[in-house]
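Q: Next input, structure requested:
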Amino acid sequence: MIDQPNLLQTYLYRLTDPQLLYLYHIHIGDVPTPFHKPKLIEELISYLRQQETLSATAGLLEADELAAVTAAALTPLPSSAQLNQILICRGLHAAAAERMLLHLEERLVLLPLQESDGTVWQVNPLLQEYIGGSLHIDALFAPGETPDGPVKELWFTPSMLPGWLSLLQHRSELFDRKGMPKRQREGELRRLYPGISDPRRFSQLSQTARKAGILKGSFHLDHEAARMLFTLDSHSLTLHFAYRLVREYGITRGQFARLLSVCRHRWYASMHLTGIIMTLSGLSRQQCDALLDCLKSFGFAAEIEGTVSLVPLHRSLQSKKAYPSSEEGHLSKDFGIHIDRNLPLHRWAHAYRFSALKLHDRMTILQVNQRSMLEALDSGMSTDEITDALRLISTDPPALLLQFIQEWAQSYETISLFSGIVLQCNERTERIITRHPTISSMIVRTIAPGVFLFSEKESEQLRIQMIEAGLPFVPAVRTAESMKHPGGTARGTVPMPPEPILLPKEVDSPTPIPRYDDEIIKGLHQSLERFSGSSEMISELRYRIDQKLILTEQQLIRCSKKRHIFEAKGFDYQGKVQLIRQALKSKADILEIQLHQDGQSMLLFPELLIRQGNADILQGRTIPENEEYRISAGKLFLVRKIRKPLLLPKRDSSIR
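A: This is a model prediction of the structure:
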């Protein structure tokens, strides 16, 4: 992208000579002959930089125009289609939005820049610096009134997740192969989670675990990912889970944080909130609709009578009284673990690995038994880790429970299955391996004399160390499958480390938007009444004032001198035909036509002027609809020739 300070200059230099001359002509006056392009650009920038010009330009922005400028300023790399969709969400018709963008380009308020991936709209940097504090989302989508009626609290709390992970770990019969709850087991799940009345929430708990990176593949729990997550406090976890649910739609952490900061406790029309998401993220309307539906389906957003809010999520993030550090969970004599829901997660969440869920209501109750303990050991926990986890919950766990843990661990050791790199070697190589400081530190377990277990993650590092230790040849890793079917070997692959968890940040509060008025237009019309000149000149100047192309008294004086005629109306039939022919010949002009004096005008790409009997038939295509249009020149009240803006496609060179 172009640097902001050079954006305006770059835009003007990229214009063709006819385009630049047209802008100079309508903003400053007649172009000197011969002209010097850098000099014209310097004069245009000097005019746009004047305090009087900036004040008038800002002061004459109507509400919809300010909304368009705000959208261009806040949306990441906005295209024409994106700006149109955002303005449609505001309530504008597609054709009206397109025409407004054309008009703002002609006024040099918005600048369409041709980049490698298409047209990107930028706000005139001089104007953006002048009114930057006013370019807030409220100028684009104002919040509505808070609806009557209660709003449901967020059903999901992070304290639900450890119990659900316990079910995934120890009650696999409740789930299918993908970790989703079986419909026929919903009754049992309701008894375990009596506070959940909607059965869809059970599937969403599994989806939350999967989106958070804990539940992976075909029913595999990533305990390291869970360990990283449960170091966060409850509020950060809620925010983290909400973001992980919607990030697949393309929104970034920073954009999601800004969305929360903008919306806060406000309520918006559903289409307006979609527009806000589009503005802050730059995503398509389809993506934003899907993102908002996802937030609503999980209860992070509420909808009442067509208005939507992120109130449930914000309420869950409100600060609560900290749980006293001296308090702890309770371990009963029957090896039950009783947890108050406000006990910090990092003190008890890992209990899901060695205890089975009995109940999650106002209190979470987990049960330690032989099967849950064996499954914990089988998942990689050591007895020391289990004991330490129990002491985080209660500083004085029952001695009998600690004794049973040791006995269950001994029974677990009676049979072992390993997955990793098994190294088998002779006595000489065994002495090298056990005496080498680096290689010996990599040994996970000595299975038998001359048989060692290494981690698959360290297979390449092990190979390098063995070569450096002087071994003449290190064979490739042979899989059991290749040994059953000789003829192929495979090297182990090192998995990528889990993605680090980064929390989004809050953004600043909104800045109030100043009020604007149209006193400038009235003053310029009063000044125009004192001018002498042809009716065509006065009419054209009046039009340019109304279109906010003339902003100052000095500009009006310069533009009143030696005018080229760009419009014809009323009974000036030949003037209309002449302007149509000029536009067809230039290939750089479009036409604004009006059927009646007080009628709606429209923009047209002129393609042909056909003589049929005594009539001249104008044929062209409407802007932006691109629909074929034919009309007799005699039926037109007004024809105005306008320089074609940059964003419009070029007319086919074959057209004459």
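
Q: can you give me the strands in the stretch 101-250 of the chain?
A: 110-115, 118-123, 215-216, 220-221 (DSSP state E, counting those that start in this stretch).

Q: Quick one: closest of those to Leu161.
A: Closest approach to Leu161 among the strands of the stretch 101-250 of the chain (C-beta to C-beta): strand 215-216, 10.5 Å. C-beta: built from backbone N, CA, C; applies to glycine.

Q: What strands line up against that closest one, and which way round?
A: Paired strands of strand 215-216, with direction, are strand 220-221 (antiparallel) (DSSP bridges).

Q: Show residues contacting the strand it pairs with.
A: Leu165, Leu168, Gln169, Ile214, Leu215, Ser379 (C-beta atoms under 8 Å, 6 or more residues apart in numbering).

Q: do that again at 7 Å, thanks
A: Applying C-beta atoms under 7 Å, 6 or more residues apart in numbering, the external contacts of strand 220-221 come out as Leu165, Leu168, Gln169, Ile214, Leu215.

Q: Dump those residues to JSON lines, plus distance to Phe571.
A: Below are those laid out as JSON lines (distance: C-beta to C-beta, whole Å):
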{"residue": "Leu165", "distance to Phe571": "84"}
{"residue": "Leu168", "distance to Phe571": "84"}
{"residue": "Gln169", "distance to Phe571": "88"}
{"residue": "Ile214", "distance to Phe571": "79"}
{"residue": "Leu215", "distance to Phe571": "78"}
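
Q: taking the residues you listed one by one, which sit in helices?
A: Leu165, Leu168, Gln169 (DSSP state H).

Q: Now flag whichever of these is closest to Gln255.
A: Leu165 (29.4 Å).

Q: Neighbours of that closest one, how many?
A: Per other C-beta atoms under 10 Å, the neighbour tally for Leu165 reads 24.

Q: just to revisit the earlier point, return the member of the ones in helices among the contacts of strand 220-221 nearest to Arg611.
A: Using C-beta to C-beta, those come closest to Arg611 at Leu168, 80.4 Å.

Q: Look up the pLDDT of the closest one for me, please.
A: Confidence at Leu168, expressed as pLDDT, is 93.

Q: In this structure Met271 contacts Ile88, no?
A: No. The pair Met271 and Ile88 fails to qualify as a contact (C-beta atoms under 7 Å) at a distance of 8.4 Å.

Q: Apart from its neighbours in sequence, what residue is nearest the spatially most central residue of the chain?
A: The structure's the chain has its C-alpha centroid closest to Ile251; by C-alpha atoms, centre = their mean the separation is 2.5 Å. Excluding its sequence neighbours, the residue lying closest to Ile251 (C-beta to C-beta, 6 or more residues apart in numbering) is Ser281, at 4.8 Å.

Q: Output the strands of the stretch 101-250 of the chain in TSV, with mean pLDDT, distance to Ser79 and mean neighbour count appended to each entry.
A: Shown next, in TSV, are these (pLDDT from 0 to 100; distance: least, C-beta to C-beta, whole Å; neighbours: other C-beta atoms under 10 Å):
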stretch	mean pLDDT	distance to Ser79	mean neighbour count
strand 110-115	85	9	19
strand 118-123	88	6	20
strand 215-216	90	36	20
strand 220-221	86	41	14
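
Q: the helices in the stretch 301-450 of the chain, which residues?
A: For the stretch 301-450 of the chain, helices defined by DSSP state H, counting those that start in this stretch occupy the ranges 311-316, 370-378, 383-393, 399-412, 427-435, 437-441.

Q: to the chain's geometric centre, what's the distance from the third one?
A: Same thing as helix 383-393. In terms of C-alpha atoms, centre = their mean, to the nearest Å, the centre of helix 383-393 is set 41 Å apart from its chain centre.

Q: Grab the nearest non-local neighbour of Arg542.
A: Sequence neighbours aside, Leu528 is the residue nearest to Arg542 in space, at 6.3 Å (criterion: C-beta to C-beta, 6+ apart).

Q: Could you list the low-pLDDT ranges of the stretch 251-400 of the chain?
A: Residue ranges of the stretch 251-400 of the chain with pLDDT under 70: 318-327.

Q: That one: strands as residue ranges?
A: According to DSSP E, counting those that start in this stretch, the strands that the stretch 251-400 of the chain contains are 268-269, 302-304, 307-309, 330-331, 336-340, 356-360, 363-367.

Q: What lies in contact with the second one?
A: To tie it back to what came earlier, the one meant is strand 302-304. For strand 302-304, contacts defined as C-beta under 7 Å, 6+ apart pick out Pro147, Gly149, Val151, Lys152, Ser270, Lys296, Ser309, Val311, Pro312.

Q: Counting neighbours, which of those residues end up buried?
A: Val151, Ser270, Lys296, Ser309, Val311, Pro312 (16 or more other C-beta atoms under 10 Å).

Q: Distance check, Gly29 against Leu541.
A: 11 Å (C-beta to C-beta, to the nearest Å).

Q: who touches the residue nearest to Ile251 in this structure?
A: Gly250, Ile251, Gln255.

Q: Among those residues, which lie within helices?
A: Those of the contacts of Ser281 lying in helices (DSSP H): Gln255.

Q: Return the member of the contacts of Ser281 nearest to Asn124.
A: Closest to Asn124, out of all of the contacts of Ser281 and judged by C-beta to C-beta, is Gln255, at 24.7 Å.

Q: domain assignment for the protein?
A: 4-140, 160-321, 330-413, 421-482, 518-561, 568-655 (automatic domain parsing).

Q: quick one, which of Gly29 and Leu541 is more surrounded?
A: Leu541 (22 against 18).

Q: The strand or helix carrying that one - what's its average pLDDT?
A: Here Leu541 is covered by helix 535-546, with elements defined by DSSP states H and E. Averaging pLDDT along helix 535-546 yields 80.

Q: buried sites along it?
A: For helix 535-546, by 16+ other C-beta under 10 Å, it's Glu536, Met537, Ile538, Ser539, Glu540, Leu541, Tyr543, Arg544, Ile545.

Q: elements contacting it?
A: helix 519-528, helix 553-559, strand 567-569 (3 or more C-beta pairs under 7 Å, 6 or more residues apart in numbering; DSSP states H and E).

Q: Report the inter-axis angle for that helix versus helix 519-528.
A: 160 degrees (axes from the mean of the first three to the mean of the last three C-alpha atoms, to 10 degrees).

Q: ok, Met100 - contacts?
A: Counting by C-beta under 7 Å, 6+ apart, Met100 has contacts Asp64, Glu65, Ala68.

Q: now swap in His235 and tell me
A: Leu317.

Q: ok, so what distance separates it from Leu154?
A: 12 Å.

Q: Now tell me what touches stretch 367-378 from outside.
A: Counting by C-beta under 7 Å, 6+ apart, 169-170, 335-337, 353-356, 358, 386, 401, 405, 408-409, 412 sit against stretch 367-378.

Q: rerun that using 8 Å as the cut-off
A: In contact with stretch 367-378 (C-beta under 8 Å, 6+ apart) are residues 169-170, 334-337, 353-358, 383, 386, 401, 404-405, 408-409, 411-412.
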